[in-house]
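1. How does the following fold in three dimensions:
(chains A and B)
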Amino acid sequence: MRALIPLTLLTFILAGCGSQPPAPEQDPSGVESRTPGAVKVETAPVANVKPDSFDPNSIAALKDPRSPLSKRSVYFDYDSFIVKDEFQSLLTAHGKFLAANSKMKMLIQGNADERGSREYNLALGQKRADAVRKSLSLLGIREDQIESVSLGEEKPACLESTEECWARNRRSDMLYSGEF
Amino acid sequence: MDMMKFQRFVLACATGLSLSSVTAQAQLSIEITGAGANRLPVAIADFTGERVVSQALVSVIRADLDRSGLFKLIDAGAPLADNITPPFEDLKTRGADAVAGGSVVLSADGRFETRVRLSDVVKQASLGTPAYLHNDGQLRATAHRVADFIYEKLTGEPGVFSTRIAYVVKSTGRYELKIADADGSNDQAALASREPIISPTWSPDGKKLAYVSFEAKKPIVYVHDLASGRRHVAANFKGSNSAPAWSPDGKQLAVVLTKDGSSQLYLVNADGSGVKRVATSPGIDTEPRWSPDGQFIYFTSDRGGSPQIYRIPSAGGGAERVTFEGSYNVTPRPSPDGKSLAFVARNGGRFQLALMDLATKQTQILTDSTKDESPSFAPNGRMILYATEIGGRGVLAAVSSDGRVKQKLSVRAADVREPAWGPLVR
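-> I've put the predicted structure just below:
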C-alpha cells in the first residue's frame, strides 16, 4: 500500500510534463480586437521534472515504486491455478531480474481463501505458488533460485468473509532474499 | 434399570433435550447445549472427611458426569461415606439407579486419601471401591479419575475425563498451541508464535505433539515433547511440509510434502529420518490419517476432479474411493474402533461435520453449523471435538457420535481452532 502513494504522485508529475490536456473551445463571440502594446511580462524558472534514471534490474528496483518489481502479488480466480495474462508482464520483469541477479533467491508464497479445510487450502495455495514458479521456470530461471511454498488460508490479506476479500486472498506473493 | 441394559441404551438412543450449564472458572468455558434423553439417574453424594477438599472433588466429579450428557444427577439427600451401606430404599425413592459416596482423610505424609464406593441401587450391590492418594495439586486429576471409574462402570466404555486436548488460540498477532484438560481447565501454552500453527496431533502415547508451524515463513512439521518442551524438525524439505499423522505404533509420521511437485503423501520416521513416498497422484493428496489397526491410510485427494476421501493400504497398493456424495468431502478421521469415519462435507455452501458407517457407507450429518473443520474423536469414540465459527469467532464444539449431545467450548475475545483430542492415559 505504501508503494502506491509515490507511484500515484509520479504518474501525476509525468502527466503534467507530457502532453497538455486539450484547451477548452473558445467562445467565438465577443472577441475584442486589440493591438499588442507595451505589456509588462514576468518570467519564471521552469522546473526540470525529468525522472531520475534507474537500473531496472538493480536490487534497489525491488522496492522502487517506479519498477514493476515492486509489485509482488499474482491474483487467481476462484478454484483456479492459472496465471492470468494480465500478470505475464509482471512475471517477465521478475524473471529478468532473477536472471540478472543469479545470487538472489525468491520464495513464492501461495495463498487460499478461508473456505473449507485448512490443510486442503494449504494444498490449493501450493498449486498457486507452483503456477508462478512454473511461469518463471519457463522463462529460464534456475530451480535452485526459486522455492514455492504455501501459507494456505493462514495469512489472509483481507479479513472479511466477502467475495471481494476472498479474491484478494487467492494470490501468490513473491519474496526475495532478505525478505524471508 | 440394570446397568447392562443402560449400556445398550446409551448406544441406541437419546433425544435433543436441551440443558444449559456453564463452567465459569476454566479459561476454555464449556456450555452444554444438548444432552441424551435417556440419561442414567445417578446420585453423587457429598463425601465425608476433609470438607474443602471433598467438596472440590465432588463438584468436579458431578460436572464431568453432567457434561457427558449421559447421566442425570440426582440429589443424594445427605453425605455418604465409602464404608457404610447406602440408604438404597431412600435413593430408589429419589429415582437414583446408582450412587457414589466417599471419604477424604489426611494421611500421615500430608497427602489426602480419597476412598470411593460406587453402588447399584437397584441390585443393592457394590460396583467397586477405588482409592486414591493425592495432594492439593492433584485434586482435579483425582476427581477426573473418579469420574472415569464411575463412567466406565456404568456405561461399559472407558471415560475420557482424564484425557487432555490440544488446540490453537489466535489473538491479535499471536498464536498459542495450548494443552488443557478435557474439561478445558489447566490450560498451558506449549508454544507461542507470531506465525500460524496448524494441525496439532497427539502421539499415541500422549507425550508428544506433531504440528505445522509457519515461523520460518513456510510450513514445517515439528515434533514437540510436552514434558521437556523440546522439539525437533520432522519434515523440512523444499516446498511445503504439512498434515502430520502418527502411525498407531508412534514410530512414523505420514506427512504431506511438495518437494517432488504437488502435495503428496510420504512417510518419515518420527525423528525425521527415512522419508519415502506412499502414494502418487497428479493432483493433491493431503490430510492423511491411519486407521486404528494401522492397515489403511485415509486421505483427501482431488484425483477424481473434486476433493474426496480415499484410502490406501499402508503397506502400499491402489487407492480406493470412500466418499461419493457431494463435491467436497475432506479431513477424514477414522473412529477409535475403526468402524466409522468422521469428515467434513460441503452441503450447499455449508461445511458440516459428517459421520460415515464404513461397513454400510451410510452417512449422517451431525451438526447444523456452516464452518465446521478439524474433527477429532474422543479416545472412547463417544464424542467428536471440532472447530466451528459462531458470530464470526472461532470456537470449539463437541457432538456425540449419535448427534444428540452437544457442547460449545470458547475462549473470551480470541479465536480457538485446530482441536486435537489426546489419547487415553492409563
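2. give me the low-pLDDT residue ranges for chain B?
-> When residues are selected by pLDDT under 70, those of chain B lie in B:1-26, B:34-37, B:426.
3. Contact residues of it facing chain A?
-> B:196, B:198-199, B:214, B:217-219, B:238-240, B:242-243, B:256, B:258, B:261-263, B:284, B:286-287, B:300, B:307, B:328, B:330-331, B:344, B:346, B:351, B:373-374, B:392, B:418 (CB under 8 Å from any CB of the partner chain). C-beta here means a position set from N, CA and C on the backbone, and glycine is covered the same way.
4. Now, of the residues you listed, which are buried?
-> For the residues of chain B next to chain A, a burial check counting by 16 or more other CB atoms under 10 Å in any protein chain shown picks out B:196, B:198-199, B:214, B:218-219, B:238-240, B:242-243, B:256, B:258, B:262-263, B:284, B:286-287, B:300, B:307, B:328, B:330-331, B:344, B:346, B:351, B:373-374, B:418.
5. so of those, which ones are in strands?
-> B:198-199, B:242-243, B:256, B:286-287, B:300, B:330-331, B:344, B:346, B:351, B:373-374, B:418 (DSSP state E).
6. Can you name the residues that contact residue 158?
-> With no chain named, the answer covers chain A. A:C158 makes contacts with A:E164, A:C165, A:W166, A:R168, A:N169, as judged by CB atoms under 8 Å, 6 or more residues apart in numbering or on different chains.
7. actually it's chain B I care about, not the one you picked
-> So B:P158 contacts B:D148, B:Y151, B:E152, B:P379, B:N380, B:L424 (CB under 8 Å, 6+ apart).
8. Distance-wise, check the residue positioned nearest the centre of chain A relative to A:S80.
-> In chain A, the centroid-proximal residue (CA atoms, centre = their mean) is A:K71; its distance is 3.3 Å. Distance of A:K71 to A:S80, given as CB to CB, to the nearest Å: 20 Å.
9. again, but for B:T114
-> On the measure of CB to CB, B:T114 and A:S80 end up 62 Å apart.
10. So, low pLDDT: which residues of chain A?
-> Looking at chain A by pLDDT under 70, you get A:1-40, A:54.
11. Spell out, range by range, the strands that occur in it.
-> Counting by DSSP E, the strands of chain A are A:73-75, A:106-111, A:146-152, A:171-176.
12. Likewise for the stretch 251-400 of chain B?
-> Taking DSSP state E, counting those that start in this stretch to define them, one finds strands in the stretch 251-400 of chain B at B:252-257, B:264-269, B:276-277, B:285-290, B:296-301, B:308-313, B:320-321, B:329-334, B:340-347, B:350-357, B:363-365, B:373-377, B:383-390, B:393-400.
13. The fifth one: partners in the sheet, and parallel or antiparallel?
-> Put plainly, it is strand B:296-301. Strand B:296-301 has its sheet partners listed here by DSSP bridges as strand B:285-290 (antiparallel), strand B:308-313 (antiparallel).
14. circling back: I'd assumed A:L91 was in contact with the residue nearest to the centre of chain A.
-> No. Checked against CB atoms under 8 Å, the pair A:K71 and A:L91 is beyond contact range at 10.3 Å.
15. Going by distance to chain A, which of the contacts of B:P158 wins?
-> Each of those was checked against chain A using CB to the nearest CB; the closest is B:P379, at 22.0 Å.
16. domain parsing for chain B?
-> B:38-155, B:164-421 (automatic domain parsing).
17. Out of the ones you listed, flag the one nearest A:A99.
-> Closest of those to A:A99 is domain B:164-421, at 20.6 Å (criterion: CB to CB).
18. now that closest one, how far from the centre of its chain.
-> 13 Å (CA atoms, centre = their mean, to the nearest Å).
19. So for that domain, first residue to last residue, what's the gap.
-> End-to-end distance of domain B:164-421 (CA to CA, to the nearest Å): 6 Å.
20. same deal with stretch B:355-368?
-> Termini of stretch B:355-368 sit 13 Å apart (CA to CA).
21. Which parts of that stretch count as buried, going by neighbours?
-> Neighbour-count burial for stretch B:355-368 flags B:L355, B:M356, B:L358, B:T363, B:L366, B:T367 (criterion: 16+ other CB under 10 Å).
22. export those residues to CSV and tack on distance to B:D90?
-> Rendered in CSV, the data for the buried residues of stretch B:355-368 read as follows (distance: CB to CB, whole Å):
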residue, distance to B:D90
B:L355, 42
B:M356, 47
B:L358, 47
B:T363, 47
B:L366, 40
B:T367, 42
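23. Would you point out the most distant pair within these?
-> B:L358 and B:T367 (19.9 Å).
24. ok, the closest residue to B:L265 other than its chain neighbours - contacts?
-> The spatial neighbour of B:L265 that comes closest, neighbours along the chain excluded (CB to CB, 6 or more residues apart in numbering or on different chains), is B:A279 at 4.4 Å. By CB under 8 Å, 6+ apart, the residues touching B:A279 are B:Q264, B:L265, B:D285, B:I297, B:F299, B:I312, B:A319.
25. what number of residues lie near the fifth one?
-> Pointing back at B:F299 there. Number of residues near B:F299 (other CB atoms under 10 Å in any protein chain shown) recorded here: 29.
26. swap in the one 3 residues further on?
-> Other residues within reach of B:D302 by the criterion other CB under 10 Å amount to 22.
27. For it, give its distance to B:F377.
-> 25 Å.
28. who in chain A is up against chain B?
-> A:107, A:109, A:115-120, A:122-124, A:126-127, A:130, A:147-152, A:154-155, A:161, A:175, A:180.
29. Could you turn the buried ones of these into a PyMOL selection?
-> Of the residues of chain A next to chain B, the buried ones can be selected in PyMOL as follows, counting by 16+ other CB under 10 Å:
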select buried, chain A and resi 107+109+115+116+117+118+119+120+122+123+124+126+127+130+147+148+149+150+151+152+154+175
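30. Now render the domains of chain B as JSON lines, adding distance to A:E86.
-> As requested, the domains of chain B are exported to JSON lines (distance: least, CB to CB, whole Å):
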{"stretch": "domain B:38-155", "distance to A:E86": "55"}
{"stretch": "domain B:164-421", "distance to A:E86": "25"}
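31. Can you say which of the ones you listed is nearest to A:I59?
-> Closest among the domains of chain B, using CB to CB: domain B:164-421, at 19.5 Å.
32. ok and the longest helix that chain A contains relative to strand B:296-301, angle-wise?
-> Scanning chain A for the helix with the most residues, using DSSP state H, yields helix A:118-138. Interaxial angle, helix A:118-138 versus strand B:296-301 (axes from the mean of the first three to the mean of the last three CA atoms, to 10 degrees): 60 degrees.
33. now helix A:118-138, how far from the chain's geometric center?
-> The mean C-alpha position of helix A:118-138 is separated from the chain mean by 20 Å, CA atoms, centre = their mean.
34. just stretch A:46-61 next, same as before
-> Relative to the mean C-alpha coordinate of its chain, stretch A:46-61 is positioned 17 Å out (CA atoms, centre = their mean).
35. check which helix or strand covers B:A190.
-> strand B:188-193 (DSSP states H and E).
36. Can you spell out which helices and strands pack onto that strand?
-> Judged by 3 or more CB pairs under 8 Å, 6 or more residues apart in numbering or on different chains; DSSP states H and E, strand B:188-193 is in contact with strand B:174-181, strand B:208-213.
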